[in-house]
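# Here's my sequence, what's the structure:
(one chain, ligands or ions: 2)
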Amino acid sequence: HQGMTSFRVLPKVELHCHVEGTMRPTTVVDLARRNGIALPTADPTELYRYDSLDGFLEIFWLVQSTLGTRDDWARLGHESVVDAASWGVVHRESFFTPARHLAAGQDLADVVAGLDEGMAAAEQETGTTCFLIADIDRAYGPGAGLALVERLVELRRAGAPGTERVVGVGMDSTELGIDPATFAPAYDAARAAGLRLTAHQGENSPASAITTCLDVLGVERVDHALPVLDDPDLTARVRDERIGLTVCPTSNILIANSFPRLADHPLPRMYDAGLLASVNTDDPALIDLGLDEEYAAVAEAFGWDWARMVEVALIGVESSWLDEDAKRVLR
Ligand code: ADE
Ligand code: ZN
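Numbers count the residues shown, from 1 in each chain. Ligands and ions are numbered 1, 2, ... in the order given. This next block holds a predicted model:
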(Lines give C-alpha, C1' and ligand atoms only; values in the text may rest on other atoms or scores of the structure.)
(Ligands and ions follow the chains in the order given, each with its own letter.)
Protein backbone atom coordinates (compact mmCIF):
# COMPACT_ATOMS: atom_id res chain seq x y z
CA HIS A 1 0.00 0.00 0.00
CA GLN A 2 1.23 3.52 -0.83
CA GLY A 3 0.31 4.97 2.55
CA MET A 4 3.70 4.26 4.04
CA THR A 5 5.71 5.50 1.05
CA SER A 6 8.05 8.36 1.87
CA PHE A 7 8.12 11.08 -0.79
CA ARG A 8 11.05 12.86 0.82
CA VAL A 9 13.47 11.80 -1.93
CA LEU A 10 11.12 12.85 -4.76
CA PRO A 11 12.25 16.37 -5.80
CA LYS A 12 9.19 18.59 -5.37
CA VAL A 13 8.24 22.17 -6.19
CA GLU A 14 5.85 24.02 -3.87
CA LEU A 15 3.83 26.88 -5.32
CA HIS A 16 1.28 27.56 -2.60
CA CYS A 17 2.82 28.13 0.80
CA HIS A 18 2.58 31.11 3.16
CA VAL A 19 5.90 31.86 4.82
CA GLU A 20 4.10 32.86 8.05
CA GLY A 21 2.33 29.48 7.91
CA THR A 22 5.73 27.76 8.00
CA MET A 23 6.67 29.23 11.37
CA ARG A 24 7.82 26.58 13.84
CA PRO A 25 5.68 26.71 17.00
CA THR A 26 8.84 27.16 19.07
CA THR A 27 9.76 30.21 16.95
CA VAL A 28 6.27 31.69 17.41
CA VAL A 29 6.66 31.38 21.19
CA ASP A 30 10.15 32.86 21.10
CA LEU A 31 9.29 35.83 18.85
CA ALA A 32 6.11 36.52 20.83
CA ARG A 33 8.16 36.73 24.04
CA ARG A 34 10.75 39.04 22.47
CA ASN A 35 8.15 41.32 20.92
CA GLY A 36 5.72 41.40 23.84
CA ILE A 37 2.87 39.63 22.03
CA ALA A 38 0.50 37.79 24.38
CA LEU A 39 -0.22 34.21 23.29
CA PRO A 40 -3.24 32.28 24.57
CA THR A 41 -0.89 29.44 25.57
CA ALA A 42 2.84 28.94 26.11
CA ASP A 43 2.69 25.34 24.86
CA PRO A 44 3.53 25.32 21.15
CA THR A 45 1.51 22.17 20.52
CA GLU A 46 -1.61 23.91 21.84
CA LEU A 47 -1.23 26.87 19.52
CA TYR A 48 -2.36 25.60 16.15
CA ARG A 49 -6.01 24.67 16.76
CA TYR A 50 -8.97 25.93 14.71
CA ASP A 51 -12.22 24.58 13.29
CA SER A 52 -13.04 26.97 10.44
CA LEU A 53 -11.33 29.27 7.91
CA ASP A 54 -12.12 32.28 10.09
CA GLY A 55 -10.83 30.49 13.20
CA PHE A 56 -7.72 29.56 11.27
CA LEU A 57 -7.19 33.14 10.08
CA GLU A 58 -7.30 34.34 13.71
CA ILE A 59 -4.37 32.04 14.48
CA PHE A 60 -2.60 32.99 11.25
CA TRP A 61 -2.89 36.68 12.14
CA LEU A 62 -1.62 36.02 15.65
CA VAL A 63 1.41 34.21 14.20
CA GLN A 64 1.99 37.10 11.77
CA SER A 65 1.86 39.63 14.60
CA THR A 66 4.91 38.05 16.28
CA LEU A 67 7.11 39.27 13.39
CA GLY A 68 8.37 42.60 14.68
CA THR A 69 11.81 43.25 13.18
CA ARG A 70 13.89 42.67 10.07
CA ASP A 71 15.81 39.98 11.97
CA ASP A 72 12.55 38.17 12.78
CA TRP A 73 11.73 38.00 9.06
CA ALA A 74 15.28 36.77 8.36
CA ARG A 75 14.94 33.99 10.94
CA LEU A 76 11.57 32.97 9.49
CA GLY A 77 12.92 33.01 5.94
CA HIS A 78 15.88 30.87 6.92
CA GLU A 79 13.95 28.30 8.94
CA SER A 80 11.22 28.01 6.30
CA VAL A 81 13.64 27.04 3.53
CA VAL A 82 15.68 24.71 5.77
CA ASP A 83 12.47 22.88 6.74
CA ALA A 84 11.26 22.75 3.13
CA ALA A 85 14.57 21.24 2.02
CA SER A 86 14.21 18.53 4.68
CA TRP A 87 10.92 17.49 3.02
CA GLY A 88 12.54 17.27 -0.43
CA VAL A 89 11.29 20.64 -1.70
CA VAL A 90 13.83 21.79 -4.32
CA HIS A 91 12.07 25.05 -5.23
CA ARG A 92 9.34 27.04 -3.54
CA GLU A 93 7.35 30.14 -4.45
CA SER A 94 6.36 31.49 -1.07
CA PHE A 95 3.71 34.07 -0.18
CA PHE A 96 4.32 36.75 2.41
CA THR A 97 1.40 38.92 3.51
CA PRO A 98 2.68 42.12 5.15
CA ALA A 99 -0.58 44.12 5.41
CA ARG A 100 -0.79 44.20 9.21
CA HIS A 101 2.94 44.87 9.56
CA LEU A 102 2.79 47.80 7.14
CA ALA A 103 -0.32 49.13 8.92
CA ALA A 104 1.64 48.91 12.20
CA GLY A 105 4.49 50.99 10.75
CA GLN A 106 6.98 48.40 9.48
CA ASP A 107 8.68 49.23 6.18
CA LEU A 108 8.23 46.82 3.27
CA ALA A 109 11.95 47.29 2.57
CA ASP A 110 12.82 45.67 5.93
CA VAL A 111 10.36 42.80 5.45
CA VAL A 112 11.75 41.95 2.01
CA ALA A 113 15.40 42.47 2.94
CA GLY A 114 14.98 40.31 6.05
CA LEU A 115 13.24 37.46 4.25
CA ASP A 116 15.81 37.62 1.46
CA GLU A 117 18.75 37.49 3.85
CA GLY A 118 17.43 34.41 5.66
CA MET A 119 16.36 32.67 2.47
CA ALA A 120 19.65 33.36 0.69
CA ALA A 121 21.58 31.78 3.58
CA ALA A 122 19.30 28.72 3.55
CA GLU A 123 19.61 28.43 -0.24
CA GLN A 124 23.39 28.27 0.19
CA GLU A 125 23.08 25.62 2.90
CA THR A 126 20.50 23.40 1.22
CA GLY A 127 20.45 24.05 -2.54
CA THR A 128 16.69 24.63 -2.35
CA THR A 129 15.67 27.84 -4.14
CA CYS A 130 12.87 30.17 -3.09
CA PHE A 131 10.96 32.98 -4.81
CA LEU A 132 8.67 35.38 -2.96
CA ILE A 133 5.13 36.42 -3.91
CA ALA A 134 3.90 39.65 -2.29
CA ASP A 135 0.41 38.82 -1.10
CA ILE A 136 -2.45 41.29 -0.76
CA ASP A 137 -4.62 40.64 2.33
CA ARG A 138 -8.19 41.10 1.05
CA ALA A 139 -9.35 42.03 4.57
CA TYR A 140 -7.39 45.30 4.32
CA GLY A 141 -9.17 46.35 1.12
CA PRO A 142 -8.21 47.37 -2.43
CA GLY A 143 -6.51 50.61 -1.38
CA ALA A 144 -4.01 48.81 0.84
CA GLY A 145 -3.49 46.28 -1.96
CA LEU A 146 -2.58 49.00 -4.46
CA ALA A 147 -0.32 50.71 -1.90
CA LEU A 148 1.55 47.42 -1.32
CA VAL A 149 2.16 46.94 -5.06
CA GLU A 150 3.20 50.57 -5.59
CA ARG A 151 5.71 50.41 -2.74
CA LEU A 152 7.07 47.10 -4.03
CA VAL A 153 7.50 48.52 -7.53
CA GLU A 154 9.22 51.61 -6.11
CA LEU A 155 11.65 49.42 -4.14
CA ARG A 156 12.36 47.25 -7.19
CA ARG A 157 13.09 50.33 -9.32
CA ALA A 158 15.52 51.53 -6.64
CA GLY A 159 17.21 48.09 -6.60
CA ALA A 160 16.46 47.65 -2.88
CA PRO A 161 17.97 44.49 -1.29
CA GLY A 162 15.94 41.33 -1.85
CA THR A 163 13.42 42.82 -4.25
CA GLU A 164 14.65 40.67 -7.16
CA ARG A 165 13.44 37.63 -5.17
CA VAL A 166 9.85 38.97 -5.30
CA VAL A 167 8.67 37.69 -8.67
CA GLY A 168 4.92 38.06 -8.32
CA VAL A 169 1.82 39.37 -6.61
CA GLY A 170 -1.03 37.36 -5.07
CA MET A 171 -4.04 37.84 -2.82
CA ASP A 172 -5.24 35.80 0.16
CA SER A 173 -7.36 35.85 3.32
CA THR A 174 -11.12 35.92 3.48
CA GLU A 175 -13.17 35.52 0.25
CA LEU A 176 -16.73 35.84 1.47
CA GLY A 177 -18.52 39.03 0.41
CA ILE A 178 -15.47 40.33 -1.48
CA ASP A 179 -15.54 40.97 -5.23
CA PRO A 180 -12.04 40.20 -6.57
CA ALA A 181 -12.61 42.72 -9.39
CA THR A 182 -12.23 45.56 -6.87
CA PHE A 183 -8.51 44.68 -6.69
CA ALA A 184 -7.96 45.37 -10.42
CA PRO A 185 -5.91 48.57 -9.82
CA ALA A 186 -3.35 46.62 -7.75
CA TYR A 187 -3.13 43.86 -10.38
CA ASP A 188 -2.86 46.39 -13.23
CA ALA A 189 0.06 48.07 -11.45
CA ALA A 190 1.76 44.73 -10.83
CA ARG A 191 1.33 43.64 -14.46
CA ALA A 192 2.70 46.96 -15.73
CA ALA A 193 5.82 46.38 -13.62
CA GLY A 194 6.38 42.91 -15.11
CA LEU A 195 5.35 40.97 -11.99
CA ARG A 196 3.70 37.54 -12.29
CA LEU A 197 0.09 37.27 -11.07
CA THR A 198 -1.87 34.80 -8.98
CA ALA A 199 -4.79 34.95 -6.54
CA HIS A 200 -6.39 32.76 -3.92
CA GLN A 201 -9.92 32.09 -5.14
CA GLY A 202 -12.39 29.29 -4.76
CA GLU A 203 -11.37 28.24 -1.27
CA ASN A 204 -14.90 29.08 -0.18
CA SER A 205 -16.29 31.13 -3.10
CA PRO A 206 -18.02 29.96 -6.30
CA ALA A 207 -16.59 29.30 -9.77
CA SER A 208 -17.80 32.72 -10.99
CA ALA A 209 -15.24 34.39 -8.71
CA ILE A 210 -12.46 32.38 -10.41
CA THR A 211 -13.71 33.58 -13.81
CA THR A 212 -13.54 37.15 -12.52
CA CYS A 213 -9.90 36.61 -11.48
CA LEU A 214 -9.06 35.48 -15.03
CA ASP A 215 -11.15 38.13 -16.82
CA VAL A 216 -10.48 41.19 -14.67
CA LEU A 217 -7.25 40.54 -12.76
CA GLY A 218 -5.51 38.57 -15.53
CA VAL A 219 -4.04 35.99 -13.16
CA GLU A 220 -1.78 33.25 -14.56
CA ARG A 221 -2.44 30.88 -11.65
CA VAL A 222 -5.31 30.36 -9.20
CA ASP A 223 -4.67 29.23 -5.62
CA HIS A 224 -7.19 26.60 -4.39
CA ALA A 225 -9.77 26.90 -7.26
CA LEU A 226 -11.89 24.14 -5.71
CA PRO A 227 -15.17 24.78 -7.63
CA VAL A 228 -13.51 25.11 -11.07
CA LEU A 229 -15.21 21.93 -12.37
CA ASP A 230 -18.66 23.37 -11.57
CA ASP A 231 -18.38 25.50 -14.73
CA PRO A 232 -17.62 23.63 -18.00
CA ASP A 233 -16.63 26.81 -19.87
CA LEU A 234 -14.24 27.81 -17.09
CA THR A 235 -12.82 24.28 -16.98
CA ALA A 236 -12.12 24.32 -20.73
CA ARG A 237 -10.51 27.74 -20.49
CA VAL A 238 -8.27 26.79 -17.56
CA ARG A 239 -7.19 23.69 -19.49
CA ASP A 240 -6.61 25.45 -22.83
CA GLU A 241 -4.79 28.46 -21.33
CA ARG A 242 -2.76 26.16 -19.07
CA ILE A 243 -3.67 28.10 -15.94
CA GLY A 244 -1.88 26.50 -12.98
CA LEU A 245 -4.14 25.58 -10.06
CA THR A 246 -2.22 25.40 -6.79
CA VAL A 247 -4.23 22.89 -4.80
CA CYS A 248 -3.77 22.22 -1.06
CA PRO A 249 -5.72 19.03 -0.31
CA THR A 250 -5.05 18.61 3.42
CA SER A 251 -5.49 22.34 4.06
CA ASN A 252 -8.92 22.10 2.43
CA ILE A 253 -9.90 19.39 4.91
CA LEU A 254 -8.40 20.99 8.02
CA ILE A 255 -8.63 24.74 7.38
CA ALA A 256 -11.62 25.36 5.14
CA ASN A 257 -13.55 22.22 6.14
CA SER A 258 -14.53 21.86 2.49
CA PHE A 259 -14.62 18.04 2.44
CA PRO A 260 -14.93 15.43 5.16
CA ARG A 261 -12.10 13.26 3.79
CA LEU A 262 -9.24 13.58 1.31
CA ALA A 263 -10.92 10.91 -0.82
CA ASP A 264 -13.74 13.42 -1.48
CA HIS A 265 -11.35 16.09 -2.83
CA PRO A 266 -11.82 17.02 -6.54
CA LEU A 267 -8.08 16.67 -7.38
CA PRO A 268 -8.50 13.41 -9.38
CA ARG A 269 -11.38 14.94 -11.35
CA MET A 270 -9.22 18.02 -12.04
CA TYR A 271 -6.64 15.68 -13.60
CA ASP A 272 -9.35 13.83 -15.56
CA ALA A 273 -10.31 17.23 -17.01
CA GLY A 274 -6.70 17.83 -18.09
CA LEU A 275 -6.01 20.64 -15.61
CA LEU A 276 -2.54 21.65 -14.36
CA ALA A 277 -3.21 21.11 -10.65
CA SER A 278 -0.17 21.04 -8.37
CA VAL A 279 -0.11 19.67 -4.81
CA ASN A 280 0.93 22.00 -1.98
CA THR A 281 0.62 22.40 1.80
CA ASP A 282 -0.58 26.04 2.15
CA ASP A 283 0.57 26.39 5.80
CA PRO A 284 2.75 23.39 6.70
CA ALA A 285 3.51 24.37 10.31
CA LEU A 286 -0.08 25.30 11.08
CA ILE A 287 -1.38 21.98 9.78
CA ASP A 288 1.73 20.09 10.96
CA LEU A 289 2.39 18.51 7.56
CA GLY A 290 5.41 18.74 5.27
CA LEU A 291 5.08 18.47 1.48
CA ASP A 292 6.47 14.91 1.59
CA GLU A 293 3.60 13.97 3.92
CA GLU A 294 1.09 15.84 1.75
CA TYR A 295 2.23 13.72 -1.22
CA ALA A 296 1.96 10.56 0.90
CA ALA A 297 -1.56 11.52 2.00
CA VAL A 298 -2.65 12.16 -1.61
CA ALA A 299 -1.09 8.90 -2.84
CA GLU A 300 -2.85 7.00 -0.05
CA ALA A 301 -6.24 8.68 -0.54
CA PHE A 302 -6.38 8.11 -4.30
CA GLY A 303 -4.33 4.93 -4.59
CA TRP A 304 -1.66 6.59 -6.76
CA ASP A 305 1.71 4.92 -7.22
CA TRP A 306 5.17 6.49 -7.34
CA ALA A 307 5.06 7.05 -11.12
CA ARG A 308 1.76 8.91 -10.78
CA MET A 309 3.21 11.09 -8.01
CA VAL A 310 6.20 11.90 -10.22
CA GLU A 311 3.68 13.25 -12.75
CA VAL A 312 2.12 15.33 -9.97
CA ALA A 313 5.55 16.73 -9.09
CA LEU A 314 6.21 17.60 -12.74
CA ILE A 315 2.99 19.60 -12.89
CA GLY A 316 4.45 21.72 -10.08
CA VAL A 317 7.55 22.31 -12.19
CA GLU A 318 5.47 23.25 -15.26
CA SER A 319 3.28 25.76 -13.42
CA SER A 320 6.19 27.34 -11.55
CA TRP A 321 7.62 30.73 -12.49
CA LEU A 322 11.10 29.32 -13.02
CA ASP A 323 12.66 30.12 -16.39
CA GLU A 324 12.90 27.43 -19.07
CA ASP A 325 16.51 26.50 -18.23
CA ALA A 326 15.68 25.94 -14.57
CA LYS A 327 12.59 23.91 -15.49
CA ARG A 328 14.64 21.72 -17.82
CA VAL A 329 16.98 20.83 -14.95
CA LEU A 330 14.00 19.72 -12.82
CA ARG A 331 12.16 17.74 -15.52
N1 ADE B 1 -3.58 32.69 4.52
C2 ADE B 1 -2.88 31.61 4.89
N3 ADE B 1 -3.54 30.50 4.62
C4 ADE B 1 -4.70 30.87 4.04
C5 ADE B 1 -5.79 30.17 3.53
N6 ADE B 1 -5.86 28.84 3.55
N7 ADE B 1 -6.81 30.88 3.03
C8 ADE B 1 -6.79 32.20 3.02
N9 ADE B 1 -5.77 32.91 3.48
C10 ADE B 1 -4.73 32.25 3.99
ZN1 ZN C 1 -3.06 29.88 0.83
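# When you work out contacts or count neighbours from here on, use the C-alpha atoms and nothing else.
OK.
# which residues does residue 16 contact?
93, 94, 95, 223, 246, 247, 248, 280, 281, 282 (Cα atoms under 8 Å, 6 or more residues apart in numbering).
# Mind doing that once more with 10 Å?
92-95, 133, 200, 222-224, 245-248, 278-283 (Cα atoms under 10 Å, 6 or more residues apart in numbering).
# Which of those fall in strands?
Members of the contacts of residue 16 lying in strands (criterion: DSSP state E): 92-95, 133, 200, 222-224, 245-247, 278-279.
# Between those residues, which sits nearest ligand 1?
residue 200 (7.0 Å; Cα to the nearest ligand atom).
# per-residue confidence at the closest one?
At residue 200, the model reports a pLDDT of 98.
# interface residues of the stretch 51-200 of the chain facing ligand 1?
Where proximity means Cα under 6 Å from any ligand atom, the interface of the stretch 51-200 of the chain facing ligand 1 comprises 172, 173, 174.
# List just the nearest of those to ligand 1.
Comparing these against ligand 1 with Cα to the nearest ligand atom picks out residue 173 as the nearest, at 3.3 Å.
# Quick check: the gap between that closest one and residue 12.
In this structure, residue 173 and residue 12 are 25 Å apart, going by Cα to Cα, to the nearest Å.
# before we move on, the earlier item: of the residues of the stretch 51-200 of the chain next to ligand 1, grab the buried ones for PyMOL.
For selection in PyMOL, the members of these meeting the burial criterion (16 or more other Cα atoms under 10 Å) are listed in this command:
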select buried, resi 172+173+174
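# tell me the least confident of the residues of the stretch 51-200 of the chain next to ligand 1?
residue 174 (90).
# Over to it. Which of the three states is it?
Secondary structure assignment for residue 174 (DSSP: H, G, I helix; E, B strand; the rest coil): coil.
# circling back to that earlier point, dump the ones in strands among the contacts of residue 16 to TSV, plus distance to residue 125 and neighbour count.
Compiled in TSV, the ones in strands among the contacts of residue 16 are given as follows (distance: Cα to Cα, whole Å; neighbours: other Cα atoms under 10 Å):
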residue	distance to residue 125	neighbour count
92	15	25
93	18	24
94	18	25
95	21	26
133	22	27
200	31	26
222	31	27
223	29	27
224	31	27
245	30	28
246	27	30
247	29	25
278	26	29
279	25	27
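# With distance to residue 185 as added columns, please give these in a markdown table.
Putting the ones in strands among the contacts of residue 16 into a markdown table (distance: Cα to Cα, whole Å) gives the following:
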| residue | distance to residue 185 |
| --- | --- |
| 92 | 27 |
| 93 | 23 |
| 94 | 23 |
| 95 | 20 |
| 133 | 17 |
| 200 | 17 |
| 222 | 18 |
| 223 | 20 |
| 224 | 23 |
| 245 | 23 |
| 246 | 24 |
| 247 | 26 |
| 278 | 28 |
| 279 | 30 |
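# Can you give me the first-to-last residue distance of stretch 91-103?
Stretch 91-103 has an end-to-end distance of 31 Å (criterion: Cα to Cα).
# Report the mean confidence score over that stretch.
The model assigns stretch 91-103 a mean pLDDT of 98.
# Also stretch 126-134?
If you average the pLDDT values across stretch 126-134, you get 98.
# Then stretch 243-262?
For stretch 243-262, the mean per-residue pLDDT is 94.
# Repeat that for stretch 286-293.
If you average the per-residue pLDDT over stretch 286-293, you get 95.
# That one near ligand 1 anywhere?
No: counting by Cα under 6 Å from any ligand atom, no contacts exist between stretch 286-293 and ligand 1, the nearest distance being 9.0 Å.
# okay, how far is it across that stretch, tip to tip?
Distance between the two ends of stretch 286-293: 14 Å, counting by Cα to Cα.
# Buried by neighbour count: which residues of that stretch qualify?
Applying a neighbour-count criterion of 16+ other Cα under 10 Å, the buried positions in stretch 286-293 are 286, 287, 289, 290, 291, 292, 293.
# Dump those to TSV, plus secondary structure.
Supplementary listing: these in TSV, determined by three-state DSSP:
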residue	secondary structure
286	helix
287	helix
289	coil
290	coil
291	helix
292	helix
293	helix
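# and which of those is nearest ligand 1?
Within these, proximity to ligand 1 (Cα to the nearest ligand atom) peaks at residue 286, which comes in at 9.0 Å.
# OK, contacts around the closest one?
Under the criterion of Cα under 10 Å, 6+ apart, the contact list for residue 286 reads 20-25, 47-50, 56, 59-60, 63, 251, 254-255.
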